[in-house]
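Visitor: Would you be able to build a 3D model of this:
(one chain, ligands or ions: 1)
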Amino acid sequence: MALALKGSVSWVGKIDWELRKFHGDEYSTHRGSTYNSYLIEEEKVALIDTVWAPFARGYVADLAKRIDLAKIDYVIANHAEIDHSGALPELMERIPDKPVYCTANGVKSLKGHYHKDWNFRPVKTGDRLSLGTKELIFVEAPMLHWPDSMFSYLTGDNILFSNDAFGQHYASELMFNDLVDQAELMAECIKYYANILNPFSELVTKKIQEVLAFNLPVDMICTSHGVIWRTNTVQIVQQYLKWADAYQEDQITLVYDTMWNGTRVMAEKIAAGIHEADPQVTLKLYNLAKSDRNDVITEIFRSRAVVIGSPTINRTVLTSIAGLLEEMKGLKFRKKKAAAFGSYGWSGESVKVIAGQLGAAGFTVVDDGIRSLWNPDSQAVDACVAYGKKLAGLLK
Ligand code: FEO
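Guide: Below you'll find the predicted structure:
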């Protein structure tokens, strides 16, 4: 499948309707994804990025029907991760001498992945590649989100090929931002930002400011996943600037796991107390054992505070909560408050463990949390409601 975009630019990628897990088991993709590859047919022909390895053979076969592969002058690898470079081995078998443009880190990554000594042409920010009357301008974007990442900009058509930035795991045959369901689109955008780009927020702000300072008109943003931004391109750029600036809404998210419902009862009573004292705040409760971890992380990203609970098991927390806390450390949330709770039968360390991990993850832990022995009795239930009322103030 190929799709004409603008001028001499076509989309020649792959829609992956079946994808439900990405990065191994690390990222849930409820709506599938796309691997976007772009063909620019000017006096010189450039191919920007490819597709994930399982689709390599079909991708190269389709591309060969679209254009004589020998007519491709330049291969551009904006990013070496396998979902975009995965078809390079198949392609380069067919055109082994064609130059591959990428960053110096891209050369290292591509060699590391494929152990091939292709005709690499490392580029730096500001380097230009003439396609005839139009040019590609390269902009390095290290750690957005890999060391090798870069953007390419096509003059004349004013297209920014941003690779992962501004993307979403969202399969749609409609392919353009203005044609798809807007709520679905933005839900996938914020999930992508929260789970992938959040640790690099300071770099996101700097890079956007750097690109804006070039004063280049941007009529279209061609990302490497999901839909192409062809209307109101400034919308997603402004949204990224907001998300990068310690984003939060008036929301508190409670996340827990439970063995015999004691910690679940605590969660619901703490939430009731918060609601009583602060009826305006949006409260969301998630039993992590029954919820999608990436969706929960997205809700944490949207929150001004989190309250995390686990019963004590073997002097620590349930593995679901342990895994979430570990992931939260890596995601580098900023300016968010937190508290901990949990039920226990004898030793009761879970609350301390959660509070310690939340502190290590950069959250401001507002107090020592609350514990409840065995299944909460009426007194313990009242204590949880009272604790929720207190938290409503502490978590402001
Ligand atoms: Fe879509 Fe970083 O790969």
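Visitor: and the protein, which residues reach the ligand?
Guide: His79, Glu81, Asp83, His84, His145, Trp146, Asp164, Ser224, His225 (CB under 6 Å from any ligand atom). C-betas here are computed from N, CA, C, even on glycine.
Visitor: same thing but at 5 Å, please
Guide: Listed as neighbours of the ligand in the chain under the rule CB under 5 Å from any ligand atom: Glu81, Asp83, Asp164.
Visitor: Just give me the longest strand of the protein.
Guide: What stands out as the longest strand in the chain, according to DSSP state E, is strand 337-344.
Visitor: hmm, back to that, out of the residues of the chain next to the ligand, which one sits closest to Gly32?
Guide: The nearest member of the residues of the chain next to the ligand to Gly32, counting by CB to CB, is Asp83 at 12.7 Å.
Visitor: Can you tell me the element that closest one falls in?
Guide: Assigning secondary structure by DSSP states H and E places Asp83 in helix 82-85.
Visitor: ok, and what's touching that helix?
Guide: Helix 82-85 is contacted from outside by 22, 35, 37, 49-53, 77-79, 110, 113-114, 163, 224-225, using CB atoms under 8 Å, 6 or more residues apart in numbering.
Visitor: The same query, at a cut-off of 6 Å, please.
Guide: Tyr35, Asp49, Trp52, Ala53, Ala77, Ser224 (CB atoms under 6 Å, 6 or more residues apart in numbering).
Visitor: okay, the residues you listed in JSON lines with pLDDT next?
Guide: As requested, the contacts of helix 82-85 are exported to JSON lines (pLDDT from 0 to 100):
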{"residue": "Tyr35", "pLDDT": "98"}
{"residue": "Asp49", "pLDDT": "98"}
{"residue": "Trp52", "pLDDT": "98"}
{"residue": "Ala53", "pLDDT": "96"}
{"residue": "Ala77", "pLDDT": "98"}
{"residue": "Ser224", "pLDDT": "98"}
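Visitor: got the residues you listed as JSON lines, with secondary structure columns?
Guide: Converted to JSON lines, these look like this (DSSP: H, G, I helix; E, B strand; the rest coil):
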{"residue": "Tyr35", "secondary structure": "strand"}
{"residue": "Asp49", "secondary structure": "coil"}
{"residue": "Trp52", "secondary structure": "coil"}
{"residue": "Ala53", "secondary structure": "helix"}
{"residue": "Ala77", "secondary structure": "coil"}
{"residue": "Ser224", "secondary structure": "coil"}
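Visitor: Now tabulate those residues in CSV and tack on neighbour count and distance to Leu254.
Guide: As requested, these are exported to CSV (neighbours: other CB atoms under 10 Å; distance: CB to CB, whole Å):
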residue, neighbour count, distance to Leu254
Tyr35, 23, 37
Asp49, 26, 41
Trp52, 21, 36
Ala53, 19, 40
Ala77, 26, 43
Ser224, 27, 35
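Visitor: Phe120: which of these is nearest?
Guide: Ala77 (9.0 Å).
Visitor: Which residues are in contact with the closest one?
Guide: Ser85, Val100, Cys102, Gly106 are the contacts of Ala77 under CB under 6 Å, 6+ apart.
Visitor: Report how many residues lie close to the spatially closest residue to the last one that is not a sequence neighbour.
Guide: In this case it means Gly106. Spatial nearest neighbour of Gly106, chain neighbours left out: Asp148 (3.9 Å); criterion: CB to CB, 6 or more residues apart in numbering. Using other CB atoms under 10 Å, Asp148 has 25 other residues around it.
Visitor: Am I right that Asp148 is in contact with Ala80?
Guide: Yes. Between Asp148 and Ala80 there is a contact at 4.8 Å, judged by CB atoms under 6 Å.
Visitor: Give the helix, strand or coil label for the residue in the stretch 251-396 of the chain that the ligand sits nearest to.
Guide: Residue of the stretch 251-396 of the chain nearest the ligand, by CB to the nearest ligand atom: Asn294 (14.9 Å). Under three-state DSSP, Asn294 falls in the helix class.
Visitor: was I right about it contacting Ala194?
Guide: No. If you go by CB under 6 Å, Asn294 and Ala194 don't touch, sitting 8.1 Å apart.
Visitor: where exactly do the helices run in this structure?
Guide: Listed from the start of the chain, the chain has helices (DSSP state H) covering 56-66, 82-85, 88-94, 104-114, 182-192, 201-213, 234-244, 262-277, 293-302, 319-331, 350-360, 378-394.
Visitor: got CSV for those, with mean neighbour count too?
Guide: Formatted as CSV, these follow (neighbours: other CB atoms under 10 Å):
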stretch, mean neighbour count
helix 56-66, 16
helix 82-85, 23
helix 88-94, 18
helix 104-114, 18
helix 182-192, 18
helix 201-213, 16
helix 234-244, 16
helix 262-277, 21
helix 293-302, 21
helix 319-331, 18
helix 350-360, 20
helix 378-394, 18
